[in-house]
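[1] Give me the fold of what follows.
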Amino acid sequence: MEKEKTLSQKEIDALLSILPSGDDPMPHIGGGGSNRYIGSVRTYDFRSPDKFSKEQIRTLQMIHENFARRVGSALAAYLRATVQLACVHIEQGSFADFLQNIPVSSLAAVLKADPLPGRILLTLDAATTTIAIDRLLGGFGAPLDEHAVTDIEQSLIRSVIKYFANGLQEAWHNVVALDVTLEEITLNPEFVQVALPSDAAIFLGFEIKIRDNNGMMSICIPYSVLKPIVSELSPHAWVAGETSESTKDRQGLVDHLRQTRVGLSVLLGEATVNFEELLNLQNGDVLVLNTLVNRPIPVLVGDKKRYLGQPGLSGSHMAVQITNVLEEI
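    Model prediction:
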């Protein structure tokens, strides 16, 4: 029988030296030497797996960046104050993770987006809520500390939430036609039953600035809500829809311009008289104009000369025939 070989202390130390220490990644198993590594280790929770791909996350970000631009402009007019809204954060996780990051004093609004199933949760921090209420009541728009929102103030803030709902509806129009409505408002976000704690969801964080005051708004969309349309969440589809929408808007603008009425006038000629002659003008007096009978006369659109024409008659009506188009005068 072959005698068992005993490792020396030097050989033991050499084996121990190649083992990872602390948070170092595991050594590469296989050929290529003992000093090669697989890469950094990332924690993965099998109880809450990722539901959205990077491409779908990017599409959701583009949709809600568009949403932020629309709502910022609309709220600025409604609150009569400078409003800036920007999407600053997006991630996916469990609904319980989202609830843990919401301040207790936040105002929560539950939205329904027909025909999609389930509900969407939108939250506003206390500072933003009180600023909006103060502006609606005619104030300067200062945040109020330790202020309990009353029932009347909740009715006022509903009008602000409806702007967010309309903004979501318009921003999602290129992907799916939604009818977003406000179902309820509550001051206790932890009691809102939009999804189970372990359900996957997408979280969007927004920074909202009203005048010189910064606040936060967040939106949580459970995976179950987006599941029927998850295959349509691609940047190419969204950009194609945005381009189509822009073309439709442009054509609509052109159609409106074609129906716009503008003033058209003909300048028969000009004459210069002093004020005394002007005061002494009587019926039958003749003013000599600076134009010749056979020369074309300018035709004005508004107060700009755009055409040259020849005066005459069309039936029993006075008329002018366009003889030349002026590019620029």
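
[2] hey, let's count contacts and neighbours off CA atoms from now on
    OK.

[3] Now do the strands in the protein.
    Assigned by DSSP state E, the chain shows strands spanning 83-94, 107-114, 119-124, 179-186, 200-210, 213-222, 264-266, 297-301, 304-314, 317-325.

[4] quick one: strands adjacent to the shortest one?
    Its sheet considered, strand 264-266 pairs with strand 297-301 (antiparallel) by DSSP bridges.

[5] For the strand it pairs with, output the C-alpha coordinates as PDB.
    The C-alpha trace of strand 297-301 is given here as PDB (Å, rounded to 0.1, in the frame of the first residue of the first chain):
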ATOM      1  CA  ILE A 297     -49.600  97.800 -56.200                       C
ATOM      2  CA  PRO A 298     -48.600  96.100 -52.900                       C
ATOM      3  CA  VAL A 299     -51.000  93.700 -51.200                       C
ATOM      4  CA  LEU A 300     -50.500  93.500 -47.400                       C
ATOM      5  CA  VAL A 301     -51.000  90.600 -45.000                       C
END
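
[6] Flag every buried residue along stretch 152-168.
    Within stretch 152-168, the residues that count as buried by 16 or more other Cα atoms under 10 Å are 153-154, 157, 160-168.

[7] of those, closest to residue 201?
    Lowest distance from residue 201 to these (Cα to Cα) belongs to residue 168, with 17.0 Å.

[8] From what I see, the closest one and residue 66 are in contact.
    No: applying Cα atoms under 8 Å, one finds residue 168 not in contact with residue 66, separated by 9.0 Å.

[9] Residue 203 contacts residue 94, correct?
    No: checked against Cα under 8 Å, the pair residue 203 and residue 94 is beyond contact range at 9.3 Å.

[10] What does residue 270 show for phi and psi?
    Dihedral pair for residue 270: phi -130, psi 150, per degrees, to the nearest 10.

[11] Contacts only, for the nearest residue to it once chain neighbours are set aside.
    In this structure, residue 270 finds its nearest non-sequential neighbour in residue 289, 5.2 Å apart by Cα to Cα, 6 or more residues apart in numbering. Contact analysis of residue 289 by Cα atoms under 8 Å, 6 or more residues apart in numbering lists 269-271.

[12] quick check: longest helix of this protein.
    Secondary structure of the chain per DSSP state H: the longest helix is helix 54-79.

[13] Can you pull out the low-pLDDT segments for this structure?
    In the predicted model of the chain, residues 1-5, 18-50, 235-249, 328-329 satisfy pLDDT under 70.

[14] Which parts of it belong to which domain?
    For the chain, the structural domains run 54-253, 264-325, going by automatic domain parsing.

[15] Figure out how far the shortest one is from the centre of its chain.
    The chain centroid and the centroid of domain 264-325 are separated by 52 Å, computed with Cα atoms, centre = their mean, to the nearest Å.

[16] do the same with stretch 188-199
    Between the centre of stretch 188-199 and the centre of its chain there are 26 Å (Cα atoms, centre = their mean).
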